[in-house]
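In: here you go, sequence then predicted model.
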Amino acid sequence: MTDTPDNPIICACLEISKNDVIQGIKENDCKTIEDVVDAIGIGAVCGACLDDIQEILDEVNGED
């Protein structure tokens with residue numbers, strides 16, 4: 001996965017990009033960070049990306 005300005009890597013541990021997170025949230029109807037962790041595994045290794053996941057969740061679910 002290549003880190004680009006339009007699609008940055010959100011989880012360095014698993015090399016999961018922002019677009020991958022958005023897709024996972026939409027496909028699995030995620031509402032919480034725990035939902036995202038369970039659905040695509042992001043945030044389960046070191047946890048450094050949890051704040052970024054919450055920001056993306058808020059964007060996708062219209063809570064920004």
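Out: Sure, I can see it.
In: when you work out contacts or count neighbours from here on, use the C-alpha atoms and nothing else.
Out: Will do.
In: ramachandran coordinates for I9?
Out: Main-chain torsions, I9, degrees, to the nearest 10: phi -70, psi 120.
In: same question, the one 4 residues further on
Out: C13 adopts backbone torsions of phi -60, psi -40, taken as degrees, to the nearest 10.
In: now for the closest residue to it other than its chain neighbours, how many residues are close by?
Out: Spatial nearest neighbour of C13, excluding adjacent residues (Cα to Cα, 6 or more residues apart in numbering): V45 at 6.8 Å. Using other Cα atoms under 10 Å, V45 is surrounded by 13 other residues.
In: for the one 3 residues further on, same thing?
Out: When counting by other Cα under 10 Å, one arrives at 15 neighbours for A48.
In: tell me the contacts of the nearest residue in space to it that is not next to it in sequence?
Out: Spatial nearest neighbour of A48, excluding adjacent residues (Cα to Cα, 6+ apart): C11 at 7.8 Å. Neighbouring residues of C11 by Cα atoms under 8 Å, 6 or more residues apart in numbering: S17, I42, G43, A48, C49.
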